[in-house]
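Chemist: here is a sequence together with a model predicted from it:
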Amino acid sequence: MTTAVDIIAEAVRERVRRDGTDLSRHVELTERYVTEELQRYSEKALAGTGQLIADEHAAARQIIASLTGLGPLQGFLDDPDVEEIWINSPSRVFIARGGDPELTDVVLTETLVRDLVERMLQATGRRVDVSSPFVDASLVDGSRLHVVMRKHMQV
């Protein structure tokens, strides 16, 4: 089921493609696009053509995270108590706090996992695929990324 957040995020993506913009380099533009598309959606919802959004600020943060951050993982990355994140499968996402692992309620799709891995590896110049099924990389912020591709998963 497509949510209001998904609809708005896709509207922003379409606008970015049309305008040829790189949101990762323009924080203010990202916020403006999201605000404008959120307002456009809310006006339609008030007219009865969509689901109303209870918390527009939370929706905006979620949309921005999906566009420029790491989507459902961004909240963990922003939490200073989270030391580690690992994905054993799209439905088994773990974090560690104080050295203690905990299973989260985050459920991803295989496509989203692939997209997140590609986005993280983009700045490193590294890749993961059938010919190179694992990679260790250091991200721009100094974080370590380790990816192991399972046989049936294409990244």
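Modeler: Thanks, I have the structure now. In this text, all values refer to a predicted model and were calculated from it rather than measured experimentally.
Chemist: please report how far G71 lies from S143.
Modeler: Using C-beta to C-beta, to the nearest Å, G71 is found at 16 Å from S143. Any C-beta I mention is one placed from the backbone N, CA and C, and that applies to glycine too.
Chemist: more neighbours: the two, which one.
Modeler: It is G71, of G71 and S143, that has more neighbours when counted by other C-beta atoms under 10 Å, with 19 against 12.
Chemist: helix or strand: which one has the closest residue to the more buried one other than its chain neighbours?
Modeler: Distance criterion C-beta to C-beta, 6 or more residues apart in numbering; nearest residue to G71, sequence neighbours excluded, is A65 at 5.8 Å. Element membership of A65 [criterion: DSSP states H and E] is helix 56-68.
Chemist: coming back round to it: my guess is the residue nearest to G71 contacts G75. True?
Modeler: Yes. Contact status for A65 versus G75: in contact at 7.4 Å, counting by C-beta atoms under 8 Å.
Chemist: residue contacts, Q51?
Modeler: By C-beta atoms under 8 Å, 6 or more residues apart in numbering, the residues touching Q51 are 3-4, 45.
Chemist: just curious, which of those residues is nearest to E83?
Modeler: Nearest to E83 among the contacts of Q51 is T3, at 30.2 Å by C-beta to C-beta.
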